[in-house]
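[1] Got a sequence here, can you build the structure:
(chains A and B)
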Amino acid sequence: MDDDQLEQLLRQVRPVGPPPRLRARVISARQRVPRAWPWMSAAAALLLLTTALQLGSAGLRQRLRPPVVSASSDIESELTLALQTSLGLTENEARMTAVVDGIRFRIEQGRTNQEGREP
Amino acid sequence: MALDEADGDVGRLYDRFGAALYRYALMILGRHDAAEDAVQQVFLALVRGRDARIREPERYLRRAVRNACYSRLRSAAAVPEDDWSGQGQPLLELVPGLRQPSPEDRLALEAAIARLPAEQREVLHLHAFAGLTFREVAETTGESANTVASRYRYALERLRLLLTAQRA
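    From the prediction side, this is the model:
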């Protein structure tokens, strides 16, 4: 057998084609595949919701927190001025007295709150 | 191309390329069940979205089937290369509309092809049966066109020797 005869023989045949059931197998496999994306979007939505709630509650806490620092510094400034004018203290003496008074006030307030919570 | 969610896309792709891919897998693996599994595996990977965006589906699917076949040959459940037997079912069929070879010639050719290594069967299929140029075959196998052409010539030479010996 020469090459021409061989190539002619090769042209007359071909590998057997697929059985008809293969198409059904491919299509049914496609229908059985669980879709991953609904779980992924649900997880993403949950993450977004958690983050939003976290940020929202942090903002709310920030807004509800009593402005202790600024209020107390205002009070201390007023007290300092009052001590200077009424008792004739220097500014440093008056400020030190005001700070001590502020600390005493907070300690008393803390005790009052604690007593209020006890039965 | 991009697969959308419609079931029809996979069906259309299968209708266009399924038969050619199956024949390719059959020539490499030599078993109908293994060829079916390889083709199904490729389409399953496609629908699972791992390979959802494809520019050239024919070339892409051919390479995917090739990878699936050789991975099967290498795996623990490998199909031995000398088991290119069809397991009792014919592996070659007659091309309709052409002068038909005798059943003996067809069987002799099938037996001779079974004696070729998988790489030679692959090149023989892609060039002689699927009609690809050596350059196209080389793009599929990832080798040079010269290597592919040499392999094809070796395959033909071996077939010729085997068939001549069978007839003698």
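
[2] Show me what from chain A comes close to chain B.
    For chain A, the contact set with chain B under CB under 8 Å from any CB of the partner chain comprises A:1-3, A:6-7, A:9-19, A:22-23, A:25-27, A:29-31, A:33, A:36. Using the backbone N, CA and C atoms, a C-beta is placed for each residue, glycine as well.

[3] Out of the residues you listed, which end up buried?
    Among the residues of chain A next to chain B, those classed as buried by 16 or more other CB atoms under 10 Å in any protein chain shown are A:1, A:6, A:9-10, A:12-16, A:18, A:22-23, A:25-27, A:29-30.

[4] Inside helices: which ones of those?
    Counting by DSSP state H, the part of those found in helices is A:6, A:9-10, A:12, A:22-23, A:25-27, A:29-30.

[5] Pretty sure residue A:84 sits against residue A:97.
    No: contact criterion CB atoms under 8 Å: residue A:84 and residue A:97 do not qualify, at 9.8 Å.

[6] Redo the ones in helices among the buried ones among the residues of chain A next to chain B as a markdown table? Include pLDDT.
    Putting those into a markdown table (pLDDT from 0 to 100) gives the following:
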| residue | pLDDT |
| --- | --- |
| A:6 | 88 |
| A:9 | 89 |
| A:10 | 91 |
| A:12 | 90 |
| A:22 | 93 |
| A:23 | 91 |
| A:25 | 88 |
| A:26 | 88 |
| A:27 | 85 |
| A:29 | 72 |
| A:30 | 62 |
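
[7] nearest to residue A:55, of these?
    Set against residue A:55, the nearest of these by CB to CB is residue A:30 (41.5 Å).

[8] Please point out which parts of stretch B:63-77 sit buried.
    Across stretch B:63-77, burial judged by 16+ other CB under 10 Å covers B:63-66, B:68-70, B:72-73.
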